[in-house]
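J.: would you be able to build a 3D model of this:
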Amino acid sequence: MTTAIVWFRQDLRLADNPALFYACQSARQVVLLYIHAPDELAPWTPGAASRWWLHQSILSLQRELHSLGVTLIVRAGTSSGVLHGLAGEIGAAEVHANALYEPAAQRRDKEVSRSLAGIGVDLRLHHGNLLFAPGSVLNKQGEPYRVFTPFWKNCQRALSVDSPLPRPEAIKGIGGLVTVTLDQLGLQPSVSWCRGMQESWRCGEAAARDELEVFCSHALMAYGTGRDVPGIRGTSRLSPHLHHGEISPRQIVWCLQRQFQKAGVAGQVDTYIRELGWREFAHHILHFFPDTSESAMDGRFNHFPWQHDEVLLIAWQKGLTGFPIIDAGMRELWQTGWMHNRVRMIVASFLIKNCLVHWRTGARWFWDTLVDADLASNSMGWQWVAGSGVDAAPYFRIFNPILQSKKFDADGAYIRRWIPELSALSNRYLHSPWLAGPSELAAANVKLGATYPMPVLDLGETRDRALSCYRALGDYRACNP
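T.: Numbers count the residues shown, from 1 in each chain. The predicted model follows:
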């Protein structure tokens, strides 16, 4: 029997945590550790919203562990340095962690493994944050998939989810070890802009379980259609819990398949699990094509005439474009750290194709403001909209924000919630207030250009411009095989 370290990262939970479970199985005593080393994840160090969530999530985990009579040790420094020092301090023979697949995280783990091996300590990486480890799902030629549908069909053939690992009933720790406080990590914002997030979310493992229960009790039954309507609670809202590892995808799939695979519900379950499949596909792509967070997969986009218009960019970021569905989405993002997925596609299409702003600029803004900022999903989503990535949207697919708004927010509930200055407008003009006459605007107390902006661009002209730019890409030879 040995002493082991459990290295928590994006797996801030006790149940279905392979690193924790197997460390407790194999070791006489364990030390639970979180290392604050954000620079090791450069250039994609956690954004402001993610850091806020991380603080709350670690705090929740500390409280859970305290109830078991054990302490989560928090230290700052390089991961290899902290682990090297702590292993020597307590005589640890093993370090257990759940594998991460982002390029920077994998480079870090290789360095840590070499460092620990030098002092006779074994780094044991477990598979606990995805349903399928990248590399385990390949096509018949043994190559990575570039299209989602055949990838997911292959996954479905092997989608036999084992029972999630139980939460340890008891953990034998070591007392008297040095730890820093969460406040010393500086994860919380220095300016109190996060009140909306505090009001919108509960963080931690218990909150994730509750969110899953709410989803199963309400939104799941109509998920196929409800997921596209931003004005209702039609999605699971589990993405930030998944990103920070407060719940595992195996727990979700096990729950859905065990409890809801019955007539009338099975189709909704399959539709939702397919969305988890997109998350798997994103990590699969980032693993095999690690440059996709920075560079377009389609080499033709090296010649794309991106434009950097600071005025347009700021209007988009602040939700002041004059297009209600765009502005509602961007305000929801700023206030809550989250945005409905349908609206994410609409605002991304607007920035990329109507404004011709580089997709990476939008990805960076989402990265800093989303509580579920996942590098794989964020990168693939923005490249999908741009048309430059795998399985990308066709170049001619340019979302019309007015039509999208009328289709998916027909009663205006979403717009009225996030743009209260337009709340008195009738549904006829709510989606395009500039078409309202003076009497309608006056009755709703709307003054275009004062209480709400005029549109910052012409949708028709910018659509034609984007189509022209995309067609011109055909003049360049694609650089990808």
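J.: which outside residues touch the worst-scoring helix or strand of the chain on mean pLDDT?
T.: When the helices and strands of the chain are scored by mean pLDDT, DSSP states H and E, helix 249-260 comes last with a mean of 89. Helix 249-260 has contacts (CB atoms under 8 Å, 6 or more residues apart in numbering) with 15-16, 128-131, 159, 161-164, 212, 216, 220, 238, 242, 266, 268-269, 272-273, 276, 279-280. The C-beta positions use only the backbone N, C-alpha and C, and glycine is treated the same way.
J.: how far off centre is that helix?
T.: In terms of CA atoms, centre = their mean, to the nearest Å, the centre of helix 249-260 is set 20 Å apart from its chain centre.
J.: which PyMOL command selects the buried ones in the contacts of helix 249-260?
T.: To isolate the buried ones among the contacts of helix 249-260 in PyMOL, judged by 16 or more other CB atoms under 10 Å, type:
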select buried, resi 15+16+128+129+130+131+161+164+212+216+220+238+242+268+269+272+273+276+279+280
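J.: any idea of the mean pLDDT for the host helix or strand of residue 61?
T.: Using DSSP states H and E, residue 61 sits within helix 48-67. Helix 48-67 shows a mean pLDDT of 96.
J.: buried residues in it?
T.: 48-62, 64-65.
J.: which helices and strands does it pack with?
T.: Judged by 3 or more CB pairs under 8 Å, 6 or more residues apart in numbering; DSSP states H and E, the packing partners of helix 48-67 are strand 72-76, helix 195-200, helix 205-217, helix 359-369.
J.: what's next to that helix, contact-wise?
T.: Against helix 48-67 from outside (CB under 8 Å, 6+ apart): 8, 12-14, 32, 34, 46, 71-72, 74, 171, 182, 185, 187-189, 194, 197, 201, 203-207, 240, 243-244, 246, 337, 368-371, 373.
J.: hmm, which of the residues you listed are the buried ones?
T.: Buried among those by 16+ other CB under 10 Å: 8, 12-14, 32, 34, 46, 71-72, 74, 171, 182, 185, 187, 194, 197, 201, 203-205, 207, 240, 243-244, 246, 337, 369-371, 373.
J.: tally of neighbours for residue 349?
T.: For residue 349, the number of neighbouring residues by other CB atoms under 10 Å comes to 23.
J.: list the contacts for it?
T.: Counted by CB under 8 Å, 6+ apart, residue 349 has contacts 385, 397-399.
J.: give me that answer again for 6 Å
T.: Residues near residue 349 by CB atoms under 6 Å, 6 or more residues apart in numbering: 385, 398-399.
J.: tell me which of those is nearest to residue 467?
T.: The shortest gap between residue 467 and any of the contacts of residue 349 belongs to residue 398, at 7.4 Å (CB to CB).
J.: separation between the residue nearest to that closest one when sequence neighbours are not counted and residue 120?
T.: Nearest residue to residue 398, sequence neighbours excluded (CB to CB, 6 or more residues apart in numbering): residue 353, at 4.7 Å. Noted for residue 353: a distance of 56 Å to residue 120, by CB to CB, to the nearest Å.
J.: check which helices and strands the strand ranked longest in the chain is in contact with.
T.: What stands out as the longest strand in the chain, according to DSSP state E, is strand 27-36. Packing partners of strand 27-36 (3 or more CB pairs under 6 Å, 6 or more residues apart in numbering; DSSP states H and E): strand 2-8, strand 72-76, helix 79-90.
J.: which stretches of the stretch 1-150 of the chain have low pLDDT?
T.: Applying pLDDT under 70 to the stretch 1-150 of the chain flags residues 1.
J.: now do the strands in the stretch 301-450 of the chain.
T.: For the stretch 301-450 of the chain, strands defined by DSSP state E, counting those that start in this stretch do not occur.
J.: just the helices in it please.
T.: Applying DSSP state H, counting those that start in this stretch to the stretch 301-450 of the chain gives helices spanning 310-318, 324-336, 341-349, 359-369, 375-386, 401-408, 413-418, 427-430, 438-443.
J.: need these in a markdown table with distance to residue 455 and mean pLDDT, can you?
T.: Shown next, in a markdown table, are the helices of the stretch 301-450 of the chain (distance: least, CB to CB, whole Å; pLDDT from 0 to 100):
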| stretch | distance to residue 455 | mean pLDDT |
| --- | --- | --- |
| helix 310-318 | 10 | 97 |
| helix 324-336 | 10 | 98 |
| helix 341-349 | 15 | 97 |
| helix 359-369 | 19 | 98 |
| helix 375-386 | 20 | 96 |
| helix 401-408 | 10 | 98 |
| helix 413-418 | 15 | 98 |
| helix 427-430 | 13 | 97 |
| helix 438-443 | 15 | 97 |
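J.: adding distance to residue 392, write those out as TSV.
T.: Below are these laid out as TSV (distance: least, CB to CB, whole Å):
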stretch	distance to residue 392
helix 310-318	21
helix 324-336	21
helix 341-349	12
helix 359-369	11
helix 375-386	5
helix 401-408	19
helix 413-418	27
helix 427-430	32
helix 438-443	40
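J.: quick one: which of those is nearest residue 20?
T.: Residue 20 lies closest, by CB to CB, to one member of those: helix 375-386, at 23.6 Å.
J.: hey, C-alpha coordinates of the closest one in CSV?
T.: What follows is helix 375-386, C-alpha atoms only, in CSV (Å, rounded to 0.1, in the frame of the first residue of the first chain):
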residue,chain,number,x,y,z
LEU,A,375,-11.3,25.3,-26.3
ALA,A,376,-12.3,22.4,-28.5
SER,A,377,-16.0,23.3,-28.8
ASN,A,378,-15.4,27.0,-29.1
SER,A,379,-12.8,26.6,-31.8
MET,A,380,-14.8,24.1,-33.8
GLY,A,381,-18.0,26.2,-33.5
TRP,A,382,-16.4,29.4,-34.8
GLN,A,383,-14.7,27.6,-37.7
TRP,A,384,-17.9,25.8,-38.5
VAL,A,385,-19.7,29.1,-38.9
ALA,A,386,-16.8,30.6,-40.9
